[in-house]
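Asks: structure for this input, please:
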Amino acid sequence: MKTYCFALDLQDDPALIAEYCRYHEPGTIWPEVVQRIRSGGIISEEIFLAGNRLFMILQTTDDFSLEAKRAADNQSSRMREWEELMWKYQKPLPQAKPGEKWILMEKIFEVK
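Replies: Below you'll find the predicted structure:
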């Protein structure tokens, strides 16, 4: 199993943050989004919120490919629609490249 951690900011607006959270509640998130998350080797996905900063943790199969996941999501009109909607709430981190949302975090510590 592989683990990926990502970071992204939300607009610093309590009303927009609350609306973003509502979009991610069970029964509210679009079923096509959940289906896309579950396909292609993602075992679990969790998003955590601290202020206006988001952290996403993916647990994947060993053969999971971020590039393949991105390509498959780009092929889905519904996923493109979801990502466009989410841009209303999200803002890239200062170090993000143009058009980049979630920034892959580097693991610097682990205790086993």
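Asks: quick one: the strands in the chain?
Replies: Ranges of strands in the chain, per DSSP state E, are 2-10, 42-50, 53-60, 90-91, 103-104.
Asks: looking at these, which is closest to residue 30?
Replies: In terms of CB to CB, the element of the strands of the chain nearest to residue 30 is strand 42-50, at 14.1 Å. (Glycine included, C-beta is placed from N, CA and C.)
Asks: quick check, residue 41 in contact with residue 66.
Replies: No. At 10.1 Å, residue 41 does not count as touching residue 66 under the criterion of CB atoms under 8 Å.
Asks: more neighbours: the two, which one.
Replies: residue 41 (17 against 14; other CB atoms under 10 Å).
Asks: with adjacent residues omitted, what lies nearest to residue 16?
Replies: residue 89 (5.2 Å; CB to CB, 6 or more residues apart in numbering).
Asks: so what's the residue count around that neighbour?
Replies: So residue 89, with other CB under 10 Å, has 20 neighbours.
Asks: can you redo the strands of the chain as a markdown table with mean neighbour count and distance to residue 110?
Replies: Shown next, in a markdown table, are the strands of the chain (neighbours: other CB atoms under 10 Å; distance: least, CB to CB, whole Å):
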| stretch | mean neighbour count | distance to residue 110 |
| --- | --- | --- |
| strand 2-10 | 17 | 10 |
| strand 42-50 | 12 | 18 |
| strand 53-60 | 17 | 14 |
| strand 90-91 | 16 | 28 |
| strand 103-104 | 14 | 16 |
